[in-house]
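Undergrad: give me a model of this one.
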Amino acid sequence: MPSFDITSKANFENIKNAVDVSMKMIINRYDFKGTSAKVALNESEMKIEISADSEFQLDQIKDILFPALEKKEPDSSKRMSPENIETVSGNKLKQPLVIKSGISMELSKEIIKTIKESKIKVQCSIQGDELRVKGPKRDILQECIALIKTKHNEFPLNFGNFRD
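TA: Sure, this is the predicted structure:
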């Protein structure tokens with residue numbers, strides 16, 4: 001019985017490269033000279049930390065970071081979840097961006113609900129932070145992939161491990 005997996009894994013090498021490129025751009029920009037503006041990746045906590053002197057500078061750093069992320073890994077800015085802006089040591093600000101990796105239980109249930117409502121003859125099962133979809137024919141599975149891509153584009157999904 002043919003099957004495929006729906007996953008959503010963050011590629012940390014691409015994210016690290018995008019953060020490095022963003023940091024180089026920040027260092028070279030005239031309006032950031034002499035400020036505490038920086039971007040840092042914390043892989044163990046799965047966060048990108050942005051620090052600056054003002055909220056305006058935080059927004060400018062995001063305007064540099066997000067296109068760099070999109071260039072290295074498409075739809076990666078959709079997996080960023082900004083947390084509250086914190087005040088650190090006087091007038092400096094810091095904002096962590098949490099990197100979401102894996103499919104949440106709520107999104108898994110929404111995807112399964114979408115598939116069941118479409119009446120496509122497939123079986124779905126949740127396996128941790130990914131989904132496995134089984135069907136009788138390859139064409140039906142491809143139809144299912146097309147349906148999921150059109151209905152659930154708010155979070156980056158990968159379709160792989162296609163087996164006959």
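Undergrad: so which bits of stretch 96-107 are buried?
TA: Using 16 or more other CB atoms under 10 Å as the test for burial, stretch 96-107 gives 96-97, 99-100, 103, 107. (Each C-beta comes from the backbone N, C-alpha and C, glycine too.)
Undergrad: the helix or strand bottoming out on mean pLDDT in the chain packs against which elements?
TA: Averaged element by element with mean pLDDT, DSSP states H and E, the chain has its least confident helix or strand at strand 158-163 (a mean of 84). When contacts are defined as 3 or more CB pairs under 8 Å, 6 or more residues apart in numbering; DSSP states H and E, strand 158-163 sits against strand 3-7, helix 138-151.
Undergrad: any chance of TSV for those, columns mean pLDDT and mean neighbour count?
TA: Supplementary listing: these in TSV, determined by pLDDT from 0 to 100; neighbours: other CB atoms under 10 Å:
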stretch	mean pLDDT	mean neighbour count
strand 3-7	89	19
helix 138-151	89	15
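Undergrad: out of the ones you listed, which gets nearest to Asn84?
TA: Closest approach to Asn84 among those (CB to CB): strand 3-7, 29.4 Å.
Undergrad: quick check: angle from that closest one to strand 158-163?
TA: Going by axes from the mean of the first three to the mean of the last three CA atoms, to 10 degrees, strand 3-7 is angled at 160 degrees with respect to strand 158-163.
Undergrad: which secondary structure elements does the helix or strand following strand 3-7 contact?
TA: Downstream of strand 3-7, the first helix or strand assigned by DSSP states H and E is helix 12-28. With contacts taken as 3+ CB pairs under 8 Å, 6+ apart, helix 12-28 sits against strand 38-42, helix 55-72.
Undergrad: out of the ones you listed, which comes closest to Glu13?
TA: Comparing these under CB to CB, the one sitting nearest is helix 55-72, at 8.8 Å.
Undergrad: what does the lengthiest strand in the chain contact?
TA: Assignment by DSSP state E gives strand 92-99 as the longest strand of the chain. Applying CB atoms under 8 Å, 6 or more residues apart in numbering, the contact partners of strand 92-99 are 10, 15, 36, 46-55, 57-58, 79-88.
Undergrad: now flag whichever of the buried residues of stretch 96-107 is closest to Ser3.
TA: Nearest member of the buried residues of stretch 96-107 to Ser3, counting by CB to CB, is Ile103, at 16.3 Å.
Undergrad: re earlier: distance from the chain centre to the longest strand of the chain, please.
TA: Mean-position distance between strand 92-99 and its chain equals 16 Å (CA atoms, centre = their mean, to the nearest Å).
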